[in-house]
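K.L.:
kindly generate the corresponding structure for this input.
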Amino acid sequence: MPVKRAGEQHIAVFGESGSGKTVLISSFYGATQESPYLQKSLFHVVPDDIGQGNRLHKNYLGMKNSARPPEITRLAATSYSFKIKLKDGADVRQRQRRATPIDALRLVWHDYPGEWFEEDVNGPEAQRKVDAFKSLLGSDVALLLVDGQRLLDHSGEEEKYLKSVLTNFRNGLLSLKDDLLDGAPLAVFPRIWIIALSKSDLLPDLDVFKFRDLLIEKASDDIDELRKVLAGLVEDNEALSVGEDFVLFSSAKFDEGKIEVTKRVGLELILPLSVMLPFERYARWAQSKQTRGKVVENLLVATESLAAVLIENEGRLPGPLGHLLNRFDPKQVKDVAKRTSDAARLAGDKLRDINSEARAKQDNLKATLSGFRMDLEKGELEQTLLRSRR
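P.N.:
The predicted structure is shown next:
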């Protein structure tokens, strides 16, 4: 598994063929290249592979200008890497003086082919399936897509579709288990598994609470079985969240003869979910002593570079989160965990004050990170996102 770079967050996306993964990533990237986004944002989203970025942008423009959705891909395990490059602000010189400067965050999006959970594969294809899964083991967050169109097609008997998709996914993981474990549970593994409704525009009356309730009513046993399979893959499986977070996505509004790409749902949450949700959850798990040894070090080290930036920018953040960041030391993680009881509670007026102050000082990295946390709060207020409180 490749070593993650400073400020690098990975997200793994799983969904059946046709569930909207390619449309989702194309719409996410394309929207970040539009003039309104560029004018208000504190950063640019820059693809590491320009050709790959152009293909995603072409998909987006095809939807926007010609009502042409992207072609469905089959058996294509693709990773997309984007640099979240901050615009110049007053903090640029400070970042340049750091021994290990972080001029950008990075998002790596792993698109795992749905066919590998729906169809048996053998020979070289089977090995490619294993290798592709190993490549995303360093992801912090996994999205499991529920297809809004398939859910609509099964109106009144949603359990048939949900059982099918969850069973296929569970069995696909079981088929990988021996190749992944190599005799020992995994310390590095996606620990937050969010269930996401794609094509949510097709179900306008379904907010995130109703989506959660539908899943619990129709598929709670299947979610529990999936959780057991995932728990069997990881070391310290109490630090694992499966089917406790929910989000709604819509890449665009698809009407007959046109695609309205400005009518999106949830796409502005992709970066906050990738960067700040793990930070909050890891701090909470460490504080509640749900992790130990190598696992807790892996979880908290993932935030160390961001913490170093925040410390150097201002020396100390208000409240317990600042105490965590200033005193963090992976070798003394037990002592740190005792001081993080409120680390995941920075919110509301205090969060807005931090963001306003950072913007006033043109501290774009701190403003971006606090802005991501504000985006998570906004998603909950708009009933697009539901976060676990565990």
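K.L.:
wait, is I11 part of a strand?
P.N.:
Yes - if the criterion is DSSP: H, G, I helix; E, B strand; the rest coil, then I11 is within a strand.
K.L.:
can you give me the neighbour number for it?
P.N.:
26 (other C-beta atoms under 10 Å). (C-beta placed from N, C-alpha, C; glycine too.)
K.L.:
do the one 3 residues further on as well
P.N.:
Residues lying near F14 (other C-beta under 10 Å) number 26.
K.L.:
wait, it touches L143, no?
P.N.:
Yes - contact status for F14 versus L143: in contact at 6.8 Å, counting by C-beta atoms under 8 Å.
K.L.:
could you count how many residues lie near the residue nearest to L203 when sequence neighbours are not counted?
P.N.:
Nearest residue to L203 in three dimensions, chain neighbours excluded: G148, at 5.4 Å (C-beta to C-beta, 6 or more residues apart in numbering). For G148, the neighbour count with other C-beta under 10 Å is 22.
K.L.:
so who does G148 touch?
P.N.:
Applying C-beta atoms under 8 Å, 6 or more residues apart in numbering to G148 gives the contacts 197-203, 250.
K.L.:
also D222?
P.N.:
162-163, 166-167, 170.
K.L.:
7 Å instead?
P.N.:
162-163, 166-167 (C-beta atoms under 7 Å, 6 or more residues apart in numbering).
K.L.:
what do you get for A196?
P.N.:
Contacts of A196 (C-beta under 7 Å, 6+ apart): 143-146, 247, 249.
K.L.:
got CSV for those, with neighbour count and pLDDT too?
P.N.:
Formatted as CSV, these follow (neighbours: other C-beta atoms under 10 Å; pLDDT from 0 to 100):
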residue, neighbour count, pLDDT
L143, 27, 96
L144, 20, 96
L145, 22, 96
V146, 26, 96
V247, 23, 98
F249, 26, 97
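K.L.:
ok, which pair from the residues you listed is furthest apart?
P.N.:
L144 and F249 (11.9 Å; C-beta to C-beta).
K.L.:
what comes into contact with stretch 126-145?
P.N.:
So stretch 126-145 is in contact with 1, 4, 9-15, 19-21, 77, 79, 110, 112, 116, 121, 169, 176, 179-180, 186, 188-190, 192-196, 198, 273-274, 277-278, 302, going by C-beta under 7 Å, 6+ apart.
K.L.:
distance from the chain centre to it, please.
P.N.:
Distance of stretch 126-145 from its chain centroid, counting by C-alpha atoms, centre = their mean, to the nearest Å, is 13 Å.
K.L.:
for that stretch, measure first residue to last.
P.N.:
Terminal residues of stretch 126-145 lie 23 Å apart, using C-alpha to C-alpha, to the nearest Å.
K.L.:
buried set for that stretch?
P.N.:
129, 132-133, 135-145 (16 or more other C-beta atoms under 10 Å).
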